[in-house]
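A.B. asks: Here is my input; please provide its structure:
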Amino acid sequence: MTSGLALRVAAEVLATAPGPDVALERATRVGVQTWEAPPERVLPLLTPLGEKAWAADWAPDIRWQAPGNGEGTLFVTRSHGGNETLWVQQTVDAVNLRVAYTHLRLGVLLVELSITLLPLPEERTRGEVRYTFTALSERGNARIAEMTEQHFADVMRDWERALNHFLRTGRKLDAPHP
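C.D. replies: The predicted model follows:
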């Protein structure tokens, strides 16, 4: 990320920060998935453009593509309501089988996402998906409250189903991306 962009993002985060009377929430959710392909086939599908191949509503707007493995790529996604989320792909590690992202919805949430892959027998992969949500406002607190353990488990199940469908068929499911 360029220093000018980093400064602009920092300024916007500070400008939308709540007053000292608002207690901000933080929560971590971890899910485990099993994918029906080896890690070297799964890992590229966990990048912004790789995910676009299998996730029904995933449409990243790449603002800056990092050279090489893509670490540092900056992109934006939009919710159905038109809200933008700014993403930075922090890690793409083919040796240690790990990807990581940070994404920011201004005035709402800062989210850290990491996915660690582990090879399994029979050309399968175990994925540990870890999200850490940090509220930036009362709206962020509300979003964290909505992300119950059960809701997160449902999202992980849908994600696993969509990725495995693509691995088997080469096509997306019609269900929206979580």
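
A.B. asks: that's a strand at residue 154, yeah?
C.D. replies: No - assessed by DSSP: H, G, I helix; E, B strand; the rest coil, residue 154 does not belong to a strand; its assignment is helix.

A.B. asks: How are the helices of this structure distributed by residue range?
C.D. replies: Secondary structure of the chain, counting by DSSP state H: helices at 3-15, 39-42, 48-54, 138-146, 149-169.

A.B. asks: In space, what's closest to the residue nearest in space to the middle of the chain - neighbours in sequence excluded?
C.D. replies: Centroid check for the chain by CA atoms, centre = their mean gives residue 113 as the closest residue, at 5.3 Å. Nearest residue to residue 113 in three dimensions, chain neighbours excluded: residue 101, at 4.5 Å (CB to CB, 6 or more residues apart in numbering). To be clear about C-beta, it is placed using only N, CA and C from the backbone, and glycine gets the same treatment.

A.B. asks: Also residue 167?
C.D. replies: Looking at residue 167 with CB to CB, 6+ apart, the closest residue is residue 37, at 4.6 Å.

A.B. asks: Burial check on the one you found, number of neighbours?
C.D. replies: The criterion is other CB atoms under 10 Å. On that basis, residue 37 has 17 neighbouring residues.

A.B. asks: who touches it in this structure?
C.D. replies: Neighbouring residues of residue 37 by CB atoms under 8 Å, 6 or more residues apart in numbering: 123-125, 167.

A.B. asks: so who does the residue nearest to residue 54 when sequence neighbours are not counted touch?
C.D. replies: Spatial nearest neighbour of residue 54, excluding adjacent residues (CB to CB, 6+ apart): residue 166 at 3.5 Å. Taking CB under 8 Å, 6+ apart, we find residue 166 in contact with 45, 53-54, 172-173.

A.B. asks: Next, count neighbours for residue 55.
C.D. replies: For residue 55, using other CB under 10 Å, the count is 21.

A.B. asks: swap that for residue 66, please
C.D. replies: By other CB under 10 Å, 15 other residues sit near residue 66.

A.B. asks: Distance-wise, check it relative to residue 47.
C.D. replies: Going from residue 66 to residue 47 by CB to CB, to the nearest Å gives 11 Å.

A.B. asks: Now the common contact residues for these two.
C.D. replies: Counting by CB under 8 Å, 6+ apart, the shared contacts of residue 66 and residue 47 are 73, 89.

A.B. asks: Give the burial count for residue 156, as a bare number.
C.D. replies: Neighbours of residue 156 using other CB under 10 Å come to 19.

A.B. asks: Quick check: it touching residue 130?
C.D. replies: No - using CB atoms under 8 Å, residue 156 makes no contact with residue 130, being 11.0 Å away.
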